[in-house]
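J.: A predicted structure for the sequence below; I have some questions about it.
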Amino acid sequence: MHDVTQVAQSKSRHSAQAVTEHETFHQLMREKNRFILPAIIFSLVFYFTLPVMTSYSTILNTPAIGDLTWAWLFAFSQFVMTWTLCVLYSRRARKFDKLVRQLKQEVGS
């Protein structure tokens with residue numbers, strides 16, 4: 001008797017291999033990494049700067065506007081930075097989606 005699951009698995013592996021070996025897939029991965037890795041590094045450095053600077057320095061305790069210190073402004077700027085990164089990624093994801101559609105067409109044919 002013929003085992004259908006083995007046939008399905010071999011076709012699945014073959015199609016996954018075809019996708020990962022395709023030039024458009026490599027282009028997609030390069031473009032995603034070119035955006036995601038710097039964004040992650042920037043956000044981690046940006047986020048951890050506040051606790052490090054408030055723990056080991058008093059520079060952020062100086063008033064910036066009236067009684068509002070630089071630490072508060074830095075903390076509020078993290079919300080702005082988070083929303084900015086979300087918007088930037090959403091815009092960039094449209095380009096990623098185009099490459100995925102292109103890859104589906106190229107591999108499917």
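T.: All right, it came through fine.
J.: contacts, neighbours, all on C-alpha from now
T.: Will do.
J.: tell me the secondary structure for Ser15?
T.: Judged by DSSP: H, G, I helix; E, B strand; the rest coil, the three-state class of Ser15 is helix.
J.: tell me, how many residues neighbour it?
T.: For Ser15, the count of nearby residues is 14 (other C-alpha atoms under 10 Å).
J.: now swap in Ala64 and tell me
T.: Other residues close to Ala64 by other C-alpha under 10 Å number 13.
J.: am I right that it sits in a strand?
T.: Yes. Ala64 forms part of a strand when assessed by three-state DSSP.
J.: quick one: it and Trp70 touch, right?
T.: Yes. With contact defined as C-alpha atoms under 8 Å, Ala64 counts as touching Trp70 (5.5 Å).
J.: what ranges do the helices span in the protein?
T.: 4-20, 23-56, 70-108 (DSSP state H).
J.: JSON lines please, covering the ones you listed and showing mean pLDDT.
T.: Formatted as JSON lines, these follow (pLDDT from 0 to 100):
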{"stretch": "helix 4-20", "mean pLDDT": "62"}
{"stretch": "helix 23-56", "mean pLDDT": "94"}
{"stretch": "helix 70-108", "mean pLDDT": "93"}
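J.: from Thr24, how far out is the residue nearest the centre of the chain?
T.: In the chain, the residue lying closest to the centroid (C-alpha atoms, centre = their mean) is Ile36, at 3.5 Å. Distance, Ile36 to Thr24, by C-alpha to C-alpha, to the nearest Å: 18 Å.
J.: likewise Phe74?
T.: From Phe74 to Thr24 the distance is 40 Å (C-alpha to C-alpha).
J.: got it, and Gln102?
T.: 8 Å.
J.: which of these two has more neighbours?
T.: Neighbour count, other C-alpha under 10 Å: between Gln102 and Thr24, Thr24 has more, with 18 against 14.
J.: find the nearest non-adjacent residue to that one, please.
T.: With sequence-adjacent residues excluded and distances taken as C-alpha to C-alpha, 6 or more residues apart in numbering, Thr24 is closest to Leu103, at 5.8 Å.
J.: how many residues are close by that neighbour?
T.: With other C-alpha under 10 Å as criterion, Leu103 counts 19.
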